[in-house]
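**Q** Mind folding the following:
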Amino acid sequence: MQPIIRPLLPIGACATLMLALSAPSTPAASVDRAAIGADAGWALHLDVDAFRGTGLGKQVLAVLKTEEREPVFQFLKTILSFDPRDGLHGLTLYGRVPAPNEAVAMIYADLDAEKLTAMAAMAEDYRTIPHGTQTIHHWVDNDRREKEGGDPRTYAAIYQGRILIFSRSEKGVASALDVLSGTRPGLPADGKFSHLGHPGAGVFIQAAAAKLETPDKNFVVSALQKAEQAWLEVRDEGGKIGGSLVVRARQPQAAGQFADLLGGVGAMLRLQAENPIAVGLGSHLTSQATDREAAWKLALPETDLFKWLDLPLPGNP
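**A** Next up is the predicted model:
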């Protein structure tokens, strides 16, 4: 899965929004299954509002609201028309496995459509394409041109003044607009990626993928290609960050292989004595398997994360 956000945002907005994602408001921006195309092969959602409510999120937000960082966020607010620390609510990425350039990023935020459109209009070779009642904006992506050559373009649209959509292709944005407006089907309430959009309390990251296919033949990828479906959740567990990665095998006997693979990764992490973060992660990982599913679970004390991220402990300046 190639990074989507960085090459998709006009001018300096990419760095702004990526910084905001590390920030920890109010109604949670949980997964909207109807907003994800029914043909998606993978999807990932970050609920920024829910993250703000975790112990880790509160500490990150406290650091970002210190006096020394205030000028930076006031500048970002001038550019974006909202303060990313409380105006960014969620991020959804999804795409079809055979079409990486049609992958879509949807950013849920308190948007000023006129200001963002004016920003996009300042980009190189800015143009627009009508799509029903919507407008697709596109421009030359200088960062990608330096890496890839040619004149690669970024495509974007704003839906109902609250969702910013990006893709490397016109088709990706057009399809996303059709899904949001209901003219193309989104994920049904149940069925494909059934866990996505039905999280328990405290979940702030969800992801799912099905029928992973790739030309890469290393042993990890070869093992994952035996999976029918995989899903990930990261959540607040009251003083701990909990995570679970579950892989459903295509054949019953493969579930044990996945459990062995996941357990081996944990063991490898614990052996890296020179890397305290790897050792810490490995010591809090467990794996298990049933007939068809293998699970890798994490229960990491937030105090460990505070230390690794150089954040003050709660109650300390």
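**Q** and Leu196, that one's in a helix?
**A** No: if the criterion is DSSP: H, G, I helix; E, B strand; the rest coil, then Leu196 is coil and not within a helix.
**Q** Quick one: residues contacting it.
**A** Contacts for Leu196 (C-beta atoms under 8 Å, 6 or more residues apart in numbering) come out as 31, 33, 36, 43, 45, 187, 206-208, 231. For every residue, glycine as well, the C-beta is placed using N, CA and C.
**Q** and what of Leu177?
**A** Going by C-beta under 8 Å, 6+ apart, Leu177 touches 131-132, 134, 136, 157, 159, 165.
**Q** In strands, which of these fall?
**A** Those of the contacts of Leu177 mapping onto strands are 131, 134, 136, 157, 159, 165, per DSSP state E.
**Q** Looking at neighbours, which among these is most surrounded?
**A** Ile165 (26 neighbours; other C-beta atoms under 10 Å).
**Q** quick one: pLDDT of that residue?
**A** Reported pLDDT at Ile165 in the predicted model: 96.
**Q** Leu116 versus that one, what's the distance?
**A** Using C-beta to C-beta, to the nearest Å, Ile165 is found at 11 Å from Leu116.
**Q** Please apply the same query to Ala208.
**A** 29 Å.
**Q** The two - which one has more neighbours?
**A** Using other C-beta under 10 Å as the criterion, Ala208 and Leu116 rank with Ala208 on top: 26 against 22.
**Q** Which positions in stretch 155-163 come out as buried?
**A** For stretch 155-163, burial by neighbour count (16 or more other C-beta atoms under 10 Å) applies to 155-159, 163.
**Q** And for stretch 84-104?
**A** For stretch 84-104, burial by neighbour count (16+ other C-beta under 10 Å) applies to 84-97, 102-104.
**Q** Stretch 112-131 now?
**A** 116-117, 119-120, 123.
**Q** Of these, which is the nearest to Ile79?
**A** Using C-beta to C-beta, Met119 is the member of the buried residues of stretch 112-131 that sits closest to Ile79, with 7.2 Å.
**Q** Hmm, Ile79 and the closest one touching each other?
**A** Yes: using C-beta atoms under 8 Å, Met119 is in contact with Ile79, at 7.2 Å.
**Q** Which helix or strand contains Gly242?
**A** Using DSSP states H and E, Gly242 sits within strand 240-249.
**Q** Columns distance to Val63 on top of the ones in strands among the contacts of Leu177, output as JSON lines?
**A** Shown next, in JSON lines, are the ones in strands among the contacts of Leu177 (distance: C-beta to C-beta, whole Å):
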{"residue": "His131", "distance to Val63": "41"}
{"residue": "Gln134", "distance to Val63": "38"}
{"residue": "Ile136", "distance to Val63": "37"}
{"residue": "Ala157", "distance to Val63": "33"}
{"residue": "Tyr159", "distance to Val63": "32"}
{"residue": "Ile165", "distance to Val63": "30"}
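**Q** thinking again about what came up before, which strands and helices sit next to the helix or strand that the strand holding Gly242 is followed by?
**A** Scanning forward in sequence from strand 240-249 by DSSP H and E, the next helix or strand is helix 254-270. Contacting helix 254-270 under the criterion 3 or more C-beta pairs under 8 Å, 6 or more residues apart in numbering; DSSP states H and E are the following elements: helix 219-224, strand 240-249, helix 276-283, strand 285-289, strand 293-301.
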